[in-house]
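1. When you get a sec, could you give me coordinates for this:
(one chain, ligands or ions: 1)
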Amino acid sequence: MQCPNGCDVSMETVQVERIFYRAGEPVVISGLEMYVCPDCGCEAMPLRSARIVENVLNGRMEPAGQFSAPLFQLVT
Ligand SMILES: [Zn+2]
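-> Below is the predicted model of the structure:
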């Protein structure tokens, strides 16, 4: 996949952990594949990952466990 910013290098596939919100409640998806441009850091979500996020947000996928962590909120 080519970077949308027009960088010469092709984007790399990485696995990330991301927080999404389902009905106002945070959910974490771990092992989600994303494309990242090694040059500019631009991210794009593969269609496969978008489908997974959609399934999670629609409640069509069962959670594997609970996740909780300290929250650091930056006040500006
Ligand atoms: Zn780029």
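2. mind listing what residue 20 touches?
-> Residues in contact with residue 20, defined by CB atoms under 8 Å, 6 or more residues apart in numbering, are 26, 27, 28, 29, 53, 56, 57. From N, CA and C alone the C-beta is placed, and that goes for glycine too.
3. Okay, and it sits in which element?
-> Using DSSP states H and E, residue 20 maps to strand 12-22.
4. just residue 68 next, same as before
-> Counting by DSSP H and E, residue 68 is found in no helix or strand.
5. And for residue 29?
-> strand 25-36.
6. and the two most separated of the contacts of residue 20?
-> With CB to CB as the measure, no two of those lie farther apart than 26 and 53, at 13.4 Å.
7. And these two? Which one has more around it.
-> residue 53 (16 against 11; other CB atoms under 10 Å).
8. In this structure the more buried one contacts residue 32, no?
-> Yes - if you go by CB atoms under 8 Å, residue 53 and residue 32 touch, sitting 7.4 Å apart.
9. Near the ion, which residues of this structure? Just list them.
-> By CB under 5 Å from the ion, the residues of the chain that approach the ion are 3, 5, 7, 37, 39, 40, 42.
10. Buried among these? Need that as a selection in PyMOL.
-> This is the PyMOL syntax for the buried subset of the residues of the chain next to the ion, where burial follows 16 or more other CB atoms under 10 Å:
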select buried, resi 3+37
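11. hmm, back to that, after the strand holding residue 29, next one along is what?
-> Next along from strand 25-36, by DSSP H and E: strand 43-44.
12. so what strands line up beside that following strand?
-> strand 25-36 (antiparallel) (DSSP bridges).
13. gap between the partner strand and the chain center?
-> Relative to its chain's centre, strand 25-36 lies at 3 Å (CA atoms, centre = their mean, to the nearest Å).
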